[in-house]
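1. sequence? don't have it. structure:
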């Protein structure tokens, strides 16, 4: 009997436990071991609040001396960065201040459908629609972030050009 691989799919992402990889559209994403372990913990307990104490117990065994709060915050930030998630408008990881974190995106495993509480009818078509919806939301957020960055660059260039024009007028 062959053991099944533990793989979780959410949005455009695939978390392969055995390979220790997070992939997006079949491309391996760079994520450090601690953030990977934290993401796996949150995904396995999807929908439930994972307290800071649970995180400490799972990721840092007794006798490990580390600035726990800083390490958890850093790990969550790395996960959010790689997933393109935002703390104030989360798609994947919700933070409950001073209590813990919760994985909120629908998850499927190859050959299994996501939990029934999802708002899209399940079945092969429903799963594809749900994945497409989450992927589109993630892409829209990335595009919005790029637009904001380009706007700031354009404003900065305009300010520099106005400064140069003013300086040239003053020199005359």
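-> Yes, it's here. What you see is a predicted model; the values in this text were computed from it and never measured.
2. can we go C-alpha only for contacts and neighbour counts from here?
-> Will do.
3. Quick check: residue 43 touching residue 103?
-> Yes - using C-alpha atoms under 8 Å, residue 43 is in contact with residue 103, at 5.9 Å.
4. tell me the phi and psi of residue 52?
-> When read as degrees, to the nearest 10, the backbone of residue 52 gives phi -60, psi -30.
5. Local confidence estimate at it?
-> We have a pLDDT of 88 for residue 52.
6. Number of residues surrounding it?
-> Residue neighbour count, defined by other C-alpha atoms under 10 Å, stands at 17 for residue 52.
7. now swap in residue 163 and tell me
-> Neighbour tally, residue 163, other C-alpha under 10 Å: 12.
8. Where does it sit, in terms of helix or strand?
-> helix 124-171 (DSSP states H and E).
9. ok, now residue 102?
-> Judged by DSSP H and E, residue 102 forms part of strand 100-103.
10. Tell me which other helices or strands that strand touches.
-> helix 33-44, strand 50-51, strand 93-96 (3 or more C-alpha pairs under 8 Å, 6 or more residues apart in numbering; DSSP states H and E).
11. Make TSV out of those and add mean neighbour count and distance to residue 157.
-> Shown next, in TSV, are the helices and strands packed on strand 100-103 (neighbours: other C-alpha atoms under 10 Å; distance: least, C-alpha to C-alpha, whole Å):
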stretch	mean neighbour count	distance to residue 157
helix 33-44	19	37
strand 50-51	18	45
strand 93-96	18	35
